[in-house]
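[1] output the structure for:
(one chain, ligands or ions: 4)
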Amino acid sequence: MKLLAVFLLVFSMMALTSGHKRIVLQEKSFSCPCHWSQINGRCFIFVAKPMTWAKAEKNCLSMGANLASVRNIKEYRQIQGLILAAGYETRETWIGGSDAQEDRTWLWSDGSALRFTNWCPKQPDNLTRKQECLQMNYSAGKCWDDTECSAKKPSVCVKKSCPR
Ligand SMILES: *[C@@H]1O[C@H](CO)[C@@H](O)[C@H](O)[C@H]1NC(C)=O
Ligand SMILES: *[C@@H]1O[C@H](CO)[C@@H](O)[C@H](O)[C@H]1NC(C)=O
Ligand SMILES: [Ca+2]
Ligand SMILES: [Ca+2]
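    Numbering: from 1, shown residues only. Ligands and ions are numbered 1, 2, ... in the order given. So this is what the prediction gives:
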């Protein structure tokens, strides 16, 4: 009986130790640079300085990143939360979508497929006949709109998190 108790104790300690190791490994396996926030395994940063869409993308590129792509509504809410945390007033902000390459074919600048969308009602509308870039947080719905790429707006960049 005593032996069994000792055995059980050792066994559960082993289980605890290996369980603990797994958790630590998971926590440590990916990381983002300072000032970048990890969301869903990728790193995001809000850039407050207003720039054209192309200048904003170039700025992201200079940090080894692209303008942000968005994979689902949960991720979109987290990206909005990121901006709120940065303490800025509600403003329209560039993310990485554009149909400049081919009309009505929306692409993310990071090369990922644009599957999830969150267009505002009646958008994209190409209103001024040259709306080819995607802004988030548009209108009361804080949804997506196509607008002129030459407009200057804050932006969100994304890059892969790196294994430590
Ligand atoms: C975007 O909208 C959300 C929700 O209202 C808000 O929390 C966030 O601060 C906004 N970000 C910008 C840049 O406007
Ligand atoms: C936007 O308007 C321009 C100018 O009329 C046109 O060439 C282009 O095809 C339109 N794009 C879309 C997506 O409708
Ligand atoms: Ca176009
Ligand atoms: Ca529009």
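[2] what about the nearest residue to residue 33 once chain neighbours are set aside, which helix or strand?
    What sits nearest to residue 33 in space, not counting adjacent residues and going by Cβ to Cβ, 6 or more residues apart in numbering, is residue 43, at 6.9 Å. Every residue, glycine included, has its C-beta placed from N, CA and C. Element membership for residue 43 (DSSP states H and E) is strand 42-51.
[3] list the contacts of that strand.
    Outside of strand 42-51, the residues within contact range by Cβ atoms under 8 Å, 6 or more residues apart in numbering are 32-33, 35-38, 56, 59-60, 63, 65, 68, 79, 82-83, 86, 88, 93-94, 152-161.
[4] the next helix or strand after that strand and ligand 3 in contact?
    Proceeding N to C from strand 42-51, the next assigned helix or strand is helix 53-61, under DSSP H and E. No. With Cβ under 5 Å from the ion as the threshold, helix 53-61 lies outside contact range of ligand 3, at a closest distance of 12.3 Å.
[5] any idea of the mean pLDDT in helix 53-61?
    Averaging pLDDT along helix 53-61 gives 98.
[6] buried sites along that helix?
    Of the residues in helix 53-61, those buried under the neighbour-count criterion (16 or more other Cβ atoms under 10 Å) are 53, 54, 55, 56, 57, 59, 60.
[7] quick one: that helix to strand 42-51, angle?
    Between the axis of helix 53-61 and that of strand 42-51 there is an angle of 140 degrees, by axes from the mean of the first three to the mean of the last three Cα atoms, to 10 degrees.
[8] please report the distance of residue 139 from ligand 1.
    Relative to ligand 1, residue 139 is positioned 11 Å away (criterion: Cβ to the nearest ligand atom, to the nearest Å).
[9] residues contacting the closest residue to residue 130 other than its chain neighbours?
    If you skip the residues right next to it in sequence, residue 130 has residue 148 as its closest partner in space, 5.8 Å away by Cβ to Cβ, 6+ apart. Contact analysis of residue 148 by Cβ under 8 Å, 6+ apart lists 128, 130, 131, 132, 133.
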